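Enquirer: Need a 3D model of the sequence below.
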Amino acid sequence: MTEYAEKRNAFEIELYQGITYRNYLNALTHSQQTNLSDKLYEKLVGLKLTKSNIATMQKSLEAQFEDLQKMKNMFIMAGN
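Expert: Residues are numbered from 1 along each chain as shown. All right, here's what the predicted structure looks like:
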């Protein structure tokens with residue numbers, strides 16, 4: 001997405017109403033650093049998670065992955 005925005009000088013263009021490419025990319029970066037970091041993984045490994053907790057986390061990751069795949073497909077269809 002960054003490459004797409006760079007090629008088109010689109011960082012200040014709205015991707016969604018009220019959300020620019022820059023805002024969206026910043027949010028993705030923050031989410032990755034907060035929710036998918038090695039530090040968080042190390043913290044979770046030490047917890048005694050129930051199957052229910054793990055299932056909920058897995059569903060969340062699957063939903064995030066699906067959203068990223070949709071976004072990727074959107075950029076592919078737009079011609080990179």
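Enquirer: What segments of the chain are helices?
Expert: 2-7, 21-35, 38-45, 51-77 (DSSP state H).
Enquirer: Make JSON lines from the ones you listed and add mean neighbour count to it.
Expert: Glycine gets a C-beta too; all of them are placed from N, C-alpha and C. Compiled in JSON lines, the helices of the chain are given as follows (neighbours: other C-beta atoms under 10 Å):
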{"stretch": "helix 2-7", "mean neighbour count": "13"}
{"stretch": "helix 21-35", "mean neighbour count": "13"}
{"stretch": "helix 38-45", "mean neighbour count": "10"}
{"stretch": "helix 51-77", "mean neighbour count": "11"}
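Enquirer: export the ones you listed to TSV and tack on mean pLDDT and distance to residue 13?
Expert: Listed next are those as TSV, based on pLDDT from 0 to 100; distance: least, C-beta to C-beta, whole Å:
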stretch	mean pLDDT	distance to residue 13
helix 2-7	90	8
helix 21-35	87	6
helix 38-45	84	32
helix 51-77	86	13
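Enquirer: quick one: which of those helices is nearest residue 14?
Expert: Between residue 14 and the helices of the chain, the tightest spacing by C-beta to C-beta is seen for helix 21-35, at 8.1 Å.
Enquirer: got the CA coordinates for that closest one in CSV?
Expert: The C-alpha coordinates for helix 21-35 follow below in CSV (Å, rounded to 0.1, in the frame of the first residue of the first chain):
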residue,chain,number,x,y,z
TYR,A,21,-3.7,6.7,2.8
ARG,A,22,-1.3,8.3,5.3
ASN,A,23,-3.8,7.9,8.2
TYR,A,24,-4.6,4.3,7.2
LEU,A,25,-1.0,3.3,6.9
ASN,A,26,-0.2,4.9,10.2
ALA,A,27,-3.0,2.9,11.8
LEU,A,28,-1.9,-0.3,10.2
THR,A,29,1.7,0.2,11.4
HIS,A,30,0.5,1.0,15.0
SER,A,31,-1.8,-2.0,15.0
GLN,A,32,1.0,-4.3,13.9
GLN,A,33,3.4,-2.9,16.5
THR,A,34,0.8,-3.2,19.2
ASN,A,35,-1.0,-6.4,18.3
